[in-house]
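[1] Model the structure of this input:
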Amino acid sequence: MKKNISLLPPELKSRRLAQKRQSIFLAVATVLLVAVVLAYSALFVSSIFLRSDLKSIRAQRESVEAAAAELEEYALLHEELTAAEALVAKAMGTVPPWASLLQEIGIALPAGVWLSEVAARYEGSGGELTLRGWAYEYDDVAAMLEQVYTLEQLDDIRCQVSAGTVFEGQQVVQFVVAARVERGPEFISVAEGGS
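    Predicted coordinates:
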């Protein structure tokens, strides 16, 4: 076995031990300083990249804000159009298509039947239609009623027929048909495909 025996004085031994500790401390401090410098450099480089990204994002934001400012007048037009459509829808309500209804009634009248009066009353939830007229025979009134019953816009159809009378020298039958008019379709805006 080998033993190291030092003949150096204790002051020199303690100085060498202090120098060794000091060199270890300096090495650790140097490593820490290098780590801090590297971390700072990395943060500095990343901040440069972030600044360039921030500049490009600001440029994009400015271009989007400019485009939004250009489109703002269209947003105002859209709001005006929406308000106008709401006003028209309120004004239109659910009025039935009178032209097509009267046309279908005209088609339902057989030869030998003519109307003397057509009266209609309509409110938001529905209305009533009254047809007054003359026919040469009861069968003509029955044929007209069969056709009127097929009209989808009319419901609760009631007919009153008076006894035969003479009208302008002809034997005729007077009738009154009353029916409930169904609600019309809701107003459809142009954006939804209406006209």
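
[2] tell me what the longest strand seen in the chain is packed against?
    Using DSSP state E to define each element, the chain has its longest strand at strand 154-167. Secondary-structure packing of strand 154-167 (3 or more Cβ pairs under 8 Å, 6 or more residues apart in numbering; DSSP states H and E): helix 138-149, strand 170-181. All C-beta atoms are positioned from the backbone trio N, CA, C, and that covers glycine.

[3] With respect to residue 119, which of the ones you listed lies nearest?
    strand 170-181 (9.4 Å; Cβ to Cβ).

[4] looking at the helices and strands packed on strand 154-167, which is closest to residue 76?
    strand 170-181 (39.9 Å).

[5] Now do the closest one and helix 138-149, the angle between them.
    20 degrees (axes from the mean of the first three to the mean of the last three Cα atoms, to 10 degrees).

[6] before we move on, back to that, out of the helices and strands packed on strand 154-167, which is closest to residue 105?
    Checking the helices and strands packed on strand 154-167 against residue 105 by Cβ to Cβ gives helix 138-149 as the closest, at 7.0 Å.

[7] May I see the buried residues of that closest one?
    Across helix 138-149, burial judged by 16 or more other Cβ atoms under 10 Å covers 140, 141, 143, 144, 145, 148.

[8] what does stretch 148-159 give?
    For stretch 148-159, using 16+ other Cβ under 10 Å, the buried residues are 148, 151, 153, 154, 159.

[9] from those residues, which two are the most distant?
    153 and 159 (17.1 Å).

[10] what sits up against the least confident helix or strand in the chain by mean pLDDT?
    Every helix and strand of the chain was ranked by mean pLDDT, DSSP states H and E. The lowest is strand 154-167, at a mean of 80. Outside of strand 154-167, the residues within contact range by Cβ atoms under 8 Å, 6 or more residues apart in numbering are 101, 129, 134, 138, 141, 145, 148-149, 171-182.

[11] How about stretch 106-121?
    98, 102, 105, 127-137, 140-141, 143-144, 147-148, 150-151, 181.

[12] per-residue confidence averaged over that stretch?
    Mean pLDDT, stretch 106-121: 86.

[13] Kindly report the same for stretch 10-28.
    Here stretch 10-28 scores 88 as its mean pLDDT.

[14] what's the offset of it from the middle of its chain?
    81 Å (Cα atoms, centre = their mean, to the nearest Å).

[15] Export it to PDB, keeping only CA atoms.
    Taking C-alpha atoms only, stretch 10-28 is exported to PDB below (Å, rounded to 0.1, in the frame of the first residue of the first chain):
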ATOM      1  CA  PRO A  10       0.200  23.500   6.900                       C
ATOM      2  CA  GLU A  11       0.000  27.200   5.600                       C
ATOM      3  CA  LEU A  12       1.000  26.100   2.200                       C
ATOM      4  CA  LYS A  13      -1.400  23.200   2.300                       C
ATOM      5  CA  SER A  14      -4.300  25.500   3.300                       C
ATOM      6  CA  ARG A  15      -3.300  28.000   0.600                       C
ATOM      7  CA  ARG A  16      -3.300  25.300  -2.100                       C
ATOM      8  CA  LEU A  17      -6.700  24.100  -0.800                       C
ATOM      9  CA  ALA A  18      -8.000  27.700  -1.000                       C
ATOM     10  CA  GLN A  19      -6.700  28.100  -4.500                       C
ATOM     11  CA  LYS A  20      -8.300  24.800  -5.500                       C
ATOM     12  CA  ARG A  21     -11.600  26.000  -4.100                       C
ATOM     13  CA  GLN A  22     -11.200  29.400  -5.700                       C
ATOM     14  CA  SER A  23     -10.500  27.800  -9.100                       C
ATOM     15  CA  ILE A  24     -13.600  25.500  -8.700                       C
ATOM     16  CA  PHE A  25     -15.700  28.600  -7.700                       C
ATOM     17  CA  LEU A  26     -14.300  30.500 -10.800                       C
ATOM     18  CA  ALA A  27     -15.100  27.600 -13.100                       C
ATOM     19  CA  VAL A  28     -18.700  27.300 -11.800                       C
END
